[in-house]
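# no sequence on this one, just coordinates:
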């Protein structure tokens, strides 16, 4: 169903907004990566500048040789934890949440494929040798890949 070269608009049609338990599950164990205009949308929703947003609510993460921003994770001494914006079982930034969160579909049989699409199309930089090499390691060690 989800193919390697699909456009974001096509993926979004399959990833409609959902707040079921399966789709919210990841919010208790981490946060989604911000890409594209996500930071602008989030700073507008929270009525603060991008720099203030980054200082108060975001942290960096490295994926496939690249550095991204994501909402802070409240780890409480563990390597994982709840997203800073996930309170009382609800996403407090639902209207401006990260792209990775918006397309996450834990309740659909193709949820893993959507995340594989996100990795391939949003995280891996095919122009970077390091990014491609790390993606190859990811694939060899069981990371989900899409049909071409």
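Nice, I can see it. Keep in mind the model is a prediction, meaning the values are calculated, not measured. Numbers count the residues shown, from 1 in each chain.
# Residue 143 should be in a strand, yeah?
No. Residue 143 is assigned coil when assessed by DSSP: H, G, I helix; E, B strand; the rest coil, not a strand.
# ok, it - contacts?
116, 119, 135 (Cβ atoms under 8 Å, 6 or more residues apart in numbering). (Glycine included, C-beta is placed from N, CA and C.)
# same deal with residue 69?
Applying Cβ under 8 Å, 6+ apart, we find residue 69 in contact with 33-34, 39, 54, 58-61.
# Which members of those are positioned in helices?
39, 54 (DSSP state H).
# Quick check: which element contains the residue minimising distance to the centre of the chain?
Centroid-nearest residue in the chain, with Cα atoms, centre = their mean: residue 100, separated by 2.6 Å. Assessed by DSSP states H and E, residue 100 sits inside helix 99-103.
# which element follows that helix toward the C-terminus?
Using DSSP H and E, the helix or strand that directly follows helix 99-103 along the chain is helix 111-118.
# Report the distance from that next one to the chain centre.
Here helix 111-118 is found 10 Å from its chain centre; the criterion is Cα atoms, centre = their mean, to the nearest Å.
# Tell me the helices and strands packed up against the helix or strand following that helix.
The first helix or strand that comes after helix 111-118 along the chain, using DSSP H and E, is helix 129-140. In terms of contacts (3 or more Cβ pairs under 8 Å, 6 or more residues apart in numbering; DSSP states H and E), helix 129-140 is not packed against any helix or strand.
# contact partners of helix 129-140?
By Cβ under 8 Å, 6+ apart, the surrounding residues in contact with helix 129-140 are 64-66, 119-120, 124-126, 143, 145.
# Out of these, the closest to residue 21 would be?
Nearest to residue 21 out of the contacts of helix 129-140 is residue 119 (Cβ to Cβ; 23.8 Å).
# before we move on, the earlier item: so what's the residue nearest to the centre of the chain closest to, chain neighbours aside?
The shortest distance from residue 100 to any non-neighbouring residue, by Cβ to Cβ, 6 or more residues apart in numbering, is to residue 32 (3.4 Å).
# Pull up the per-residue confidence for residue 148.
The confidence metric pLDDT takes the value 64 at residue 148.
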